[in-house]
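S.K.: sequence unknown, structure follows:
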């Protein structure tokens, strides 16, 4: 409990420092633009992203077998975060003078490579799980119900 309180106080102190810097350097930070960005981010997050995550989570719980589900959900979460970061860079590519920015790179190709790596890691992790289960004599079938969220080793 003391650790949580301490971390909360540190977080509040950093939030206050950030707010002070934002307002103190208003000629550089443009607080109205920051406020606009925060409102748009809130709308996009709560109005679109949160609902999309809920729908995808619900669908994976209904469609993907229990044993495979954590790997698919983890891969989807990683892919979504990587894509979310890459989309603005892909959209803005070529909008700056060459050499002055990184916006001259082919972010669409980079995104494809990163998503391929995510898929490869997820498949490899799942295959390790299958091999371990076979070595330990566990069945490869889904033995737990769809509502059982406990670890298979519990």
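M.R.: Nice, thanks for sending it over. Keep in mind that what you see is a predicted model, and the values were worked out from it rather than measured.

S.K.: centre of the chain versus stretch 1-21, how much separation?
M.R.: 24 Å (C-alpha atoms, centre = their mean, to the nearest Å).

S.K.: stretch 20-35 now?
M.R.: Relative to its chain's centre, stretch 20-35 lies at 28 Å (C-alpha atoms, centre = their mean).

S.K.: in that stretch, which residues are buried?
M.R.: Within stretch 20-35, no residue is scored as buried using 16 or more other C-beta atoms under 10 Å. All C-beta atoms are positioned from the backbone trio N, CA, C, and that covers glycine.

S.K.: what segments of the chain are helices?
M.R.: Counting by DSSP state H, the chain has these helices, from start to end: 2-24, 26-29, 31-44, 50-63, 69-92, 107-135.

S.K.: as TSV, those with mean pLDDT would be great.
M.R.: TSV is the format used below for the helices of the chain (pLDDT from 0 to 100):
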stretch	mean pLDDT
helix 2-24	95
helix 26-29	89
helix 31-44	91
helix 50-63	90
helix 69-92	89
helix 107-135	95
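
S.K.: most neighbours per residue, which of those helices?
M.R.: Highest mean neighbour count of these: helix 69-92, a mean of 15 (counted as mean count of other C-beta atoms under 10 Å).
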